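J.: Here is my input; please provide its structure:
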Amino acid sequence: MTKRKMILSIALMGTLALGVLSACAPAAQPAQETGQATTVQAPAQPPAGTTQTAPDPAPAEAITDRGLTIGIQLEAGTIAPARHTSMTSGHKNHLTHNGLFRASYADLEPIPDLVSEWRIISDTLFEFTLHEGIFFHNGDEMTAYDVVASLEYVRTHPYARAIHASIADWEVVDRYTFIIDTGEPNAQLLNDLTHQANFIMPRSLIDAGHDFTALPIGSGPFVFEEWRFGDSLSFSRFDKYFDSERFPHMEYITWRIIPEGSSRTIALETGEIDYIVEVPFPDIPRLDDNPALTVFQRPGITLEFMLLNNDAPQFQNVYVRRAIDMAIDKDAAVIASVDGWGVPTWSTTPSVLPGSSDIGIRSFDPDGARALLAEHNIDPATLGFEMLAFNEEGRRRGEIVQANLADIGIATTISMVDLATFLSITQTVDYEAGFSAFTQTTLTAFMRGTMHLDSIDGNNRSRMRNQEITDLIDLAVTTVDTPARMAILHEASTLANAHAGHVPMHLNIMVRAFNANLYVPEVAASGLMYLNMVRWTQ
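T.: Numbering: from 1, shown residues only. So this is what the prediction gives:
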């Protein structure tokens, strides 16, 4: 079979994100302009005119009696929705659960999933109707009561706080229909409803105090079977999945946990696994030359950055944070950590998302960093700190940062921890710095997660405390006019650059590698994979 490579230019990322940012605005504007309710039917396909990244259609007669084995680098901390912010765990949530909406793989805009239709009642009221005949894995049929119980449930988890902020209240209309009240105009609601933190679970199990961390139960295309810690997770096809057009082709999916990069490569080459999520960057040319394999690549929207705990004594001074940013050679860090498969960046927000600002960004200037510290009578010898990393890419990035900071007199150490420990520690005040990443489909959501005061103890792991930035984020959420929202976000992003609450490192380039006999039609710039659409062709 001929190998296919899908490559989008970096310039296309801005085009993709422009559609993402405006995804909710058109939904709210008709109600403002006409004062009448607007009904929206669920589209059968992604919006016309979007950039498609899938290969040519697979043969009509696809093989459906086989499974898929995936190699992944990290152990998931949990596979229960609303309990995490990890993409590793999120992959599993999309197997077992559904949201009211899902993100289009083509442009990341929200598409109805569990919802058959929805209408805008007013600036703040949205009515949704579920498809009938949706069943959970425990046999319960999904109703509006399950939806409101799930929305109530996620309010109890700090990881879901920012994603749930768009929902002020709700009301059940009938068995399949409910209303969400945003409290004030909201440009983020539909995007938030695509997020795993708002996935729907059975009310009967929620009321019974079921432990979803031990046994996740949703309505998704696959049923959780077993988790062998340190080895694998397994899932089987859900034969009662409600969406016939997106019915899973694989009988089962197994996730093999293979931390070492070259081992994942060898496993793919020998057929031990069929698909690699985190492709070892040094091995990309080798995999690309193998006619039995496909290498898929596209620009991503994930910002890799260095967390600085702003509550730690070393980082409470903005001039220290700016000096650290200036001292780091981002180009060298990208080469060392991901073999150059990234775009060095100096903006504290993802520059590919509309509204992001490069005003006030710094550049690699170690002499300037020394001068800044000296100007403010800061002794670099008093600023030593520990950096946490949870994978090899982070460790290699840390080695560059360590050398750069030693050059201006700041001593650092690097400590390796597992992902679950990293997520747990960095949610508290009990750490100093670490290498992290964050993905959101809109700049509003990115800033609300990583910079809002309400997200401290959640995704605001740098513990940024800037009331002006928080107020601008809140204003952006409630501004449904797209140009006006972009202006607000640009101002907030400019302030974030000045605040220097974390150190941006690079934007990712998303790479996947898999058996060339696999048809893999839906992989988003966010890294999201709809594995129910993957099928064997030979």
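J.: At which residues are the helices of the stretch 101-250 of the chain located?
T.: 144-154, 161-164, 189-192, 203-207 (DSSP state H, counting those that start in this stretch).
J.: And the ones you listed: which comes nearest residue 492?
T.: Comparing these by their distance to residue 492 (Cβ to Cβ), the top pick is helix 161-164, with 14.8 Å. In short, each C-beta sits where N, CA and C put it, glycine included.
J.: If you count contacts, what does that closest one end up packed against?
T.: helix 144-154, helix 443-450 (3 or more Cβ pairs under 8 Å, 6 or more residues apart in numbering; DSSP states H and E).
J.: Which secondary structure state is assigned to the closest residue to residue 390 other than its chain neighbours?
T.: Distances taken as Cβ to Cβ, 6 or more residues apart in numbering put residue 422 closest to residue 390, at 4.2 Å, once the chain neighbours are dropped. Under DSSP: H, G, I helix; E, B strand; the rest coil, the three-state class of residue 422 is helix.
J.: mind listing what residue 422 touches?
T.: By Cβ atoms under 8 Å, 6 or more residues apart in numbering, residue 422 lies in contact with 388-390, 434, 436.
J.: Any idea what residue 171 is bridged to?
T.: Applying DSSP bridges to residue 171 gives these bridge partners: residue 179.
J.: Quick check: it touching residue 177?
T.: No: the pair residue 171 / residue 177 is not scored as a contact, 9.7 Å apart, by Cβ atoms under 8 Å.
J.: Please tell me how far the most centrally placed residue in the chain sits from residue 302.
T.: When Cα atoms, centre = their mean is applied to the chain, the residue found nearest the centroid is residue 439 (3.7 Å). According to Cβ to Cβ, to the nearest Å, residue 439 and residue 302 sit 4 Å apart.
J.: shared neighbours of the two, anything?
T.: Residues touching both residue 439 and residue 302 by Cβ under 8 Å, 6+ apart: 526-527.
J.: domains of this structure?
T.: 10-51+74-220, 299-509 (automatic domain parsing).
J.: Tell me if I'm right that residue 108 and residue 522 touch.
T.: No: in this structure, residue 108 is not within contact of residue 522 by Cβ under 8 Å, at 11.6 Å.
J.: Which strand or helix spans residue 368?
T.: Using DSSP states H and E, residue 368 sits in helix 366-375.
J.: Return the list of helices and strands in contact with that helix.
T.: Contacts defined by 3+ Cβ pairs under 8 Å, 6+ apart place helix 366-375 against helix 318-327.
J.: quick one: average pLDDT of the helix it packs on?
T.: Across helix 318-327, pLDDT averages out at 98.
J.: next one: stretch 183-197
T.: Stretch 183-197 carries an average pLDDT of 92.
J.: centre of the chain versus that stretch, how much separation?
T.: On the basis of Cα atoms, centre = their mean, to the nearest Å, stretch 183-197 sits 15 Å off its chain's mean C-alpha point.
J.: ditto for stretch 283-295
T.: Offset of stretch 283-295 from its chain centre (Cα atoms, centre = their mean): 26 Å.
J.: Return the set of buried residues in that stretch.
T.: Neighbour counts over stretch 283-295 (16 or more other Cβ atoms under 10 Å) mark 283-284, 287, 293-295 as buried.
J.: returning to that earlier point: same list, the helices and strands packed on helix 161-164, but as CSV with mean neighbour count and distance to residue 337 please.
T.: Below are the helices and strands packed on helix 161-164 laid out as CSV (neighbours: other Cβ atoms under 10 Å; distance: least, Cβ to Cβ, whole Å):
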stretch, mean neighbour count, distance to residue 337
helix 144-154, 20, 34
helix 443-450, 27, 20
